[in-house]
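**Student:** What would the 3D arrangement of this be:
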Amino acid sequence: MISKKAKYAIKALKVLAEEFGNGPQLIATISAQENIPKKFLESILLELRNHGLLQSQKGKGVAIA
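**Tutor:** Numbers count the residues shown, from 1 in each chain. Got it, this is the predicted structure:
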């Protein structure tokens, strides 16, 4: 059995892979597109960034690349 956190991480990484080369993606967009609670997604993506799998940009809308 795979955890919800892992499922959501895979969904988010899938979106990011599909959009690779199109610039940073907004967390809010990924959250709405994949039906993932925004705060939960933020914590998942922060953990992935801390492990060196993602890069992020600060600012309005918070984007990930």
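**Student:** Show me where the chain has its helices.
**Tutor:** 4-18, 27-34, 38-50 (DSSP state H).
**Student:** Name the residues of stretch 6-26 that are buried.
**Tutor:** Neighbour-count burial for stretch 6-26 flags 8-9, 11-13, 15-16, 24-25 (criterion: 16 or more other CB atoms under 10 Å). Any C-beta I mention is one placed from the backbone N, CA and C, and that applies to glycine too.
**Student:** correction: stretch 28-43
**Tutor:** So stretch 28-43, judged by 16+ other CB under 10 Å, has buried residues 30-31, 36, 41-42.
**Student:** ok, those residues vs Met1, which is closest?
**Tutor:** Nearest to Met1 out of the buried residues of stretch 28-43 is Ile36 (CB to CB; 18.5 Å).
**Student:** leaving aside the residues next to it on the chain, what's closest to the closest one?
**Tutor:** Tyr8 (4.8 Å; CB to CB, 6 or more residues apart in numbering).
**Student:** Redo the helices of the chain as a markdown table? Include mean pLDDT and distance to Gln57.
**Tutor:** Formatted as a markdown table, the helices of the chain follow (pLDDT from 0 to 100; distance: least, CB to CB, whole Å):
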| stretch | mean pLDDT | distance to Gln57 |
| --- | --- | --- |
| helix 4-18 | 94 | 13 |
| helix 27-34 | 94 | 11 |
| helix 38-50 | 93 | 11 |
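**Student:** Dump those to a markdown table, plus distance to Lys58.
**Tutor:** Shown next, in a markdown table, are those (distance: least, CB to CB, whole Å):
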| stretch | distance to Lys58 |
| --- | --- |
| helix 4-18 | 18 |
| helix 27-34 | 12 |
| helix 38-50 | 12 |
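**Student:** dump the residue contacts of Phe40.
**Tutor:** 5, 8 (CB atoms under 8 Å, 6 or more residues apart in numbering).
**Student:** ok, back up a step: quick one, what contacts the residue nearest to Ile36?
**Tutor:** Contacts of Tyr8 (CB under 8 Å, 6+ apart): 34, 36, 40-41, 44.
**Student:** swap the cut-off to 7 Å and go again
**Tutor:** 36, 40-41, 44 (CB atoms under 7 Å, 6 or more residues apart in numbering).
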